[in-house]
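# All I have is the shape, not the residue letters:
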Ligand SMILES: Nc1ncnc2c1ncn2[C@@H]1O[C@H](COP(=O)(O)OP(=O)(O)O)[C@@H](O)[C@H]1O
Ligand SMILES: O=P(O)(O)OC[C@H]1O[C@](O)(COP(=O)(O)O)[C@@H](O)[C@@H]1O
Ligand SMILES: [Mg+2]
C-alpha cells in the first residue's frame, strides 16, 4: 500500500475561532521528546532505511497530525452537546474511555450536555433514540473500576441516515464512536451521511479491539489487561497438564484474524510449547505435521501445552472435510463465524495420541469471555484516559472522520479511511513471532501448508 502525506491529512469542519481553555498553557510549549507541538507532525515510519526509500524531505514524508489541545477551537463549548457510543465486542477499558471523555468535556471545556447512547449503534435507531442517558462527571466517577461498558454494546447494522436523524434530533454536535474495525466502518458511513447533508457534526473514533487488529496504533487499549488475564489460564493449564499422565493442555484465546493475544500471553506465561495463530497456517498430519510434533513432545517431556488463537487453522475444516464446528456464515455485524479450532485440536490430538499408545489426559479451556470482561489494569487505565483526552481535543478543534491513536508512543489523528484500510496482524517474518519461536522452540512451520497470505508490511 502506498501512503502519501495527503492520505494522512485529517478533515476539519472549519476555522477555529474560539479560545481554547488550554491556550495559555500551550503558549510556551515546543516539540520535545515528550511533547509534540500543535502544527508539528509525527512520522509514519521510524527507521532510516524506510525513510530513505522515499528520498523525500522530512516535511513531505508521510506523517500524522499530532493529537492534543489547540490554542483555538472550532466549537463554542457552551453550545456543544456530545454523544458517546460503544460498539462491538467488549474490551477492558471501555468504561475508562467513557469516563475520560465525560470528565474532559465537562471539567475542562465546560460542555454542559453529554449523552450516552445505549447498546451500541442500536441506540441510534429511531426506536431507541430516546433511551440515551445523560452522562455527568458524578455518574461516571467510579465506572473505571469495572469491566464492560455502562452504555452496553451490540453487533448488527443500522441505517446511516436513521442514525444521522437521531444525532440531529438529539442536537448532537460531536459524536464519539468507541469501536473496532466494524465500529470504524460504521463511523465512516455515519460521517459520509453527515457530510452528504452538509451538517456541522464532528465524528471522532476511539479505536477499540481486544484482538489488537486495528492498524496505525501501537497497541490497542485493554490489550495488556486482556493478555495478562489470558496468561493466568495458560499457567493453570500448564500446571494441570504437567501433573497428568500424557497431559495435553490447550488454551483457546480470542483473535479472529490476528494472533496477538495468543502470542503475548504465551510469551508472558512462558509455559507454552506450541502457539498457533491465524497468520501461520499449519498441517495436522505427516511426519512434520502438528500431531507428530505433539506426539514427540509428549514422549520426550511427558506433557504438552498449546495456546491457540480462535482464528488459527480455519483452512483445516474445509481441507480435511471436517465438520465446521459452528463455523461458516457471519454474525449480525458481518464478521465471519469461525470453526471451533480448540475442539478440533482436542479431538484430533486425543485420537492421535491414543492410537500411538499414549492415552492422553486432556485439559482444554476457552476463557475468552473471562479474558475480555476484566477491568483495565493500571497501565491501560492511563492509556484510556489519555486517548479520551486526545479525542476530546480533536473534536473540540473541529477535526472529524478521524480516530485518535498512539503511534510510535505519540498521540496522533488517523483518518477513518486509513483505520479501515488494513488489518494489524502478527508478521510471521517479524520480531514478535521470532520471540514466540525462540521461547517455545516450535518449528517455524508444521508440515506442508498452502502458501500463506503475506502479512502486509511497510506503508509506502
Ligand atoms: N461495513 C459496515 N458498515 C456499517 N456498519 C458496520 C459495518 N461493519 C460493522 N458495522 C457496525 O459497527 C458496529 C460494530 O461492529 P462489530 O464488527 O460488531 O464490532 P467492532 O466495532 O468491535 O469491530 C455494529 O453495530 C455493526 O453493525
Ligand atoms: O461472541 P462475540 O461477542 O461476538 O465476540 C467474539 C469476538 O469478538 C472479538 O473479540 C473481536 O471483536 P471486536 O472486533 O468487536 O473487538 C473476537 O476476537 C471474538 O471472536
Ligand atoms: Mg471487529
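Ah, there it is. Treat the numbers as computed from the prediction; the structure is a model and nothing was measured. Ligands and ions are numbered 1, 2, ... in the order given.
# For the stretch 201-350 of the chain, just list every one of the helices.
Per DSSP state H, counting those that start in this stretch, the stretch 201-350 of the chain carries helices over the ranges 223-242, 260-269, 290-301, 315-319, 341-355.
# Buried residues in the first one, which are they?
Going by neighbour count (16 or more other C-beta atoms under 10 Å), the buried part of helix 223-242 is 223-238, 240-242. All C-beta spots, glycine's among them, are computed from the backbone N, C-alpha and C.
# Okay, angle between that helix and helix 290-301 too, please.
Using axes from the mean of the first three to the mean of the last three C-alpha atoms, to 10 degrees, the direction of helix 223-242 lies 60 degrees away from that of helix 290-301.
# so what secondary structure elements neighbour helix 223-242?
On a contact count with 3 or more C-beta pairs under 8 Å, 6 or more residues apart in numbering; DSSP states H and E, helix 223-242 meets strand 247-253, helix 260-269, strand 303-309, strand 361-365, helix 368-372, helix 378-396.
# mind giving me a markdown table with those and columns for mean neighbour count and mean pLDDT?
A markdown table is the format used below for these (neighbours: other C-beta atoms under 10 Å; pLDDT from 0 to 100):
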| stretch | mean neighbour count | mean pLDDT |
| --- | --- | --- |
| strand 247-253 | 27 | 98 |
| helix 260-269 | 25 | 98 |
| strand 303-309 | 28 | 98 |
| strand 361-365 | 18 | 98 |
| helix 368-372 | 18 | 97 |
| helix 378-396 | 23 | 98 |
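# Could you dump the ones you listed into TSV with distance to residue 419 added?
Below are the helices and strands packed on helix 223-242 laid out as TSV (distance: least, C-beta to C-beta, whole Å):
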stretch	distance to residue 419
strand 247-253	24
helix 260-269	17
strand 303-309	22
strand 361-365	33
helix 368-372	21
helix 378-396	13
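# how about the strands of the stretch 51-200 of the chain, start to end?
63-66, 72-73, 81-86, 113-116, 133-134, 174-179 (DSSP state E, counting those that start in this stretch).
# Three-state assignment for the residue sitting furthest away from the middle of the chain, please.
Among residues of the chain, the one most distant from the C-alpha centroid is residue 357; the distance is 43.2 Å, by C-alpha atoms, centre = their mean. Here residue 357 is coil, with the state taken from DSSP: H, G, I helix; E, B strand; the rest coil.
# How about the backbone phi and psi for it?
Residue 357 has phi and psi values of phi 80, psi 20 when expressed as degrees, to the nearest 10.
# which residue sits closest to the residue of the stretch 301-450 of the chain at minimum distance from ligand 1, ignoring its sequence neighbours?
Closest contact between the stretch 301-450 of the chain and ligand 1, by C-beta to the nearest ligand atom, is at residue 333 (3.2 Å). Once flanking residues are discounted, residue 333 sits nearest to residue 155: 3.9 Å by C-beta to C-beta, 6 or more residues apart in numbering.
# and if you look at residue 292?
Per C-beta to C-beta, 6+ apart, closest to residue 292 is residue 286, 6.9 Å.
# Equivalent analysis for residue 158, please.
residue 121 (4.6 Å).
# Residue 94 and residue 225 touch, don't they?
No. In this structure residue 94 lies outside contact range of residue 225 using C-beta atoms under 8 Å: 11.2 Å.
# The closest residue to ligand 3 within the stretch 201-350 of the chain: neighbouring residues, count only.
Ligand 3 sits closest to residue 335 of the stretch 201-350 of the chain, with a gap of 5.9 Å, by C-beta to the ion. Residue 335: 16 surrounding residues under other C-beta atoms under 10 Å.
# What's the separation between it and residue 391?
In this view, residue 335 and residue 391 are 25 Å apart by C-beta to C-beta, to the nearest Å.
# any low-confidence regions in the protein?
1-2, 320-327, 452-460 (pLDDT under 70).
# Skipping adjacent residues, who's closest to the most centrally placed residue in it in space?
The structure's the chain has its C-alpha centroid closest to residue 209; by C-alpha atoms, centre = their mean the separation is 2.3 Å. In space, and not counting its chain neighbours, residue 209 is closest to residue 180: 4.2 Å by C-beta to C-beta, 6+ apart.
# That neighbour reaches residue 90, doesn't it?
No. Between residue 180 and residue 90 there is no contact, the gap being 10.6 Å when judged by C-beta under 8 Å.
# contacting residues for the residue in the stretch 51-200 of the chain that ligand 3 sits nearest to?
At 3.7 Å from ligand 3, residue 180 is the closest residue in the stretch 51-200 of the chain, using C-beta to the ion. Contacts for residue 180 (C-beta atoms under 8 Å, 6 or more residues apart in numbering) come out as 87-89, 91, 207-209, 211, 213-214.
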